[in-house]
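Undergrad: Dropping a prediction and its sequence here:
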Amino acid sequence: MARPEPRLVKGFRDIFAGDVALKREMIDAVRQVYERYGYIPLETPAVEYVDVLGKFLPEAERPDAGIFSFRNPDLGAKASANDPDLWLALRYDLTAPLARVAAQYVELPKPFRRYQIGTVWRYEKPGPGRFREFMQFDFDAVGTPRMAADAEVCCVICDAMEALGFGRSDYIVKVNDRKIMQGVLEVCGADAEKSLAVLRAIDKLDRLGEEGVIDLLGPGRKDESGDKMEGAGLSKDQINVVLRYLRSGFTERDKVIAELEQLVGQTPTGATGVAELRQIDEYLTALGYQDDRVSIDPTVIRGLAYYTGPVFEGVITKPIKDEEGNTRQFGSVYGGGRYDDLVERFTGVKVPATGASIGVDRMLEALKLVREPASTATAHVLVVVVEQARMTWYLEMAQKLRNAGLNAEVFLGEGGMGKQVKYADKVGIPYALIAGGDEFARNVVQIKDMAAGAAASAKVASRDEWRKGQPAQREIPIADVVAELQQLTKSR
């Protein structure tokens, strides 16, 4: 029989203990912020009906484009091709399932404020930092049209960023409003086809710069490969309107709002957007979230398929050095907005909603570049097996530590003390408990602080050498071991 080759499916990856530990720490910090604002947890299935997920996957017109879908095995081979239950799919985000929950469980209190963390899947072309399986961590308020909810989204993003260790000058939350963008299009007189081309051109500002956007707003341009990128076909006067809009940001919120009002305030849609931003600004100012944390940025374009009002982006502004030592801007790690039409497609009734999501895996990559590597260990203590004949004692000691609330691991591999110490160093276990014949005779144990003694312990060749002049090692009566280790782990 041929042996299978161990290999990963394209676009998927294995995640090891260091990243798992850092991700858990990150999730715990963000979850505490969400719960501080009263959001409650929700879990939904990984599999949904394709028609329930809908066609809201970004840049995909068909619900079966860009997602992992498969036939419903419960229906059998003779199922009608028109049966809405025929096709199932792995969820591609957490918002579409939330819309289904809001429509299905009408008894839920409104507003329904939930947070959810979960894995999502997208059948897209993988690339550096881009995978087909990744994690999202959303918080949303369904059933509230008030701009106070949108202002609160900004506050939550700010608090989450600071809970993760980013200072006030290390991040910014950018806010825009889709109604204002629509007002710009109305001022330009752009039809529906041109409107989408204009929005896509604006979305490329960071990558192409202003000149590149001007080309895309007009006749078009050639991309890096030499292929022609079709433009929106706007006139010079229309392009100037869009440029005035794009240049209205990067200053105090009230000044940006005033500029936008002059530009689109005469259009009904634009005037509504200006009023929404002004109310958000009022709430943020009252709560102490000033321009250094939340700014209004007309260049923020998100979710062309479903956002209907304010949109948000949380951006890391702190320059970060990558693995090669090159300084770069990391960019967006949070995204969201108001989506008042998403539940309506189920019920025919407009249900206002707003929220945002942190890109868990993207944030994890950022944290890895600004923090020390996380320990891969879950144990506080490694019980070193000095004498195999006393294995029962080592097991019993580890159990006493566990019963006292400490995580303890007995070394169950092969090798002497030097190898065991190196193992503790490698996986990041903070303390080693050592007891052999001499210690048992005197009713004591040795406790080794692994962090303080890392350099010395890596060179240990024998037990005698281990015990010579080790300042990170202390001798403790066996009766005091539990209390001593509790105190040591508490003080770390």
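TA: That came through fine. Every value quoted in this text rests on a predicted model; they were computed, and no experiment measured them. Numbers count the residues shown, from 1 in each chain.
Undergrad: So Asp480 versus Gly76, what's the distance?
TA: 68 Å (C-beta to C-beta, to the nearest Å). From N, CA and C alone the C-beta is placed, and that goes for glycine too.
Undergrad: Which of the two has more residues huddled nearby?
TA: Asp480 (13 against 8; other C-beta atoms under 10 Å).
Undergrad: helix/strand/coil for the more buried one?
TA: Assigned by DSSP: H, G, I helix; E, B strand; the rest coil, the conformation of Asp480 is helix.
Undergrad: How confident is the prediction for it, by pLDDT?
TA: Listed pLDDT for Asp480 reads 94.
Undergrad: Let's see the pLDDT reported for the residue in the chain sticking out farthest from the centre.
TA: Most distant residue from the mean C-alpha position of the chain: Ala441, 53.7 Å away (C-alpha atoms, centre = their mean). If you check Ala441, the pLDDT there is 94.
Undergrad: same question, the one 3 residues further on
TA: Among the per-residue scores, Val444 shows a pLDDT of 94.
Undergrad: so where do the helices sit in the stretch 301-450 of the chain?
TA: Using DSSP state H, counting those that start in this stretch, the helices assigned to the stretch 301-450 of the chain run over residues 344-347, 360-370, 391-403, 417-427, 437-442.
Undergrad: which strands and helices sit next to the second one?
TA: In other words, helix 360-370. When contacts are defined as 3 or more C-beta pairs under 8 Å, 6 or more residues apart in numbering; DSSP states H and E, helix 360-370 packs onto helix 17-36, strand 133-142, strand 320-321, strand 331-338.
Undergrad: need these in TSV with mean neighbour count, can you?
TA: Formatted as TSV, these follow (neighbours: other C-beta atoms under 10 Å):
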stretch	mean neighbour count
helix 17-36	17
strand 133-142	22
strand 320-321	15
strand 331-338	22
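Undergrad: quick one: which of those is nearest Thr251?
TA: Thr251 lies closest to strand 331-338 among these, at 20.7 Å (C-beta to C-beta).
Undergrad: quick one: least confident helix or strand in this structure?
TA: Scoring the helices and strands of the chain by mean pLDDT, DSSP states H and E places helix 454-457 at the bottom, with a mean of 50.
Undergrad: check contacts around the residue nearest to Leu164 when sequence neighbours are not counted.
TA: The shortest distance from Leu164 to any non-neighbouring residue, by C-beta to C-beta, 6 or more residues apart in numbering, is to Ala29 (5.7 Å). Applying C-beta atoms under 8 Å, 6 or more residues apart in numbering, we find Ala29 in contact with 160, 163-164.
Undergrad: Ser332: which of these is nearest?
TA: Ser332 has its nearest neighbour among the contacts of Ala29 in Ala160, at 13.8 Å by C-beta to C-beta.
Undergrad: What helix or strand is Ala2 located in?
TA: Counting by DSSP states H and E, no helix or strand carries Ala2.
Undergrad: Pull up the gap between it and Val9, please.
TA: Separation of Ala2 from Val9 (C-beta to C-beta): 19 Å.
Undergrad: Please identify which of the two sits among more neighbours.
TA: Neighbour comparison, Ala2 and Val9: the larger count goes to Val9, with 8 against 4 (by other C-beta under 10 Å).
Undergrad: sec struct for that one, please.
TA: Following three-state DSSP, Val9 is assigned to coil.
Undergrad: Enumerate every residue touching it.
TA: Val9 neighbours (C-beta under 8 Å, 6+ apart): none.
Undergrad: Tell me the pLDDT of it.
TA: Looking at Val9, the pLDDT reads 94.
Undergrad: do Arg402 as well
TA: At Arg402, the model reports a pLDDT of 96.
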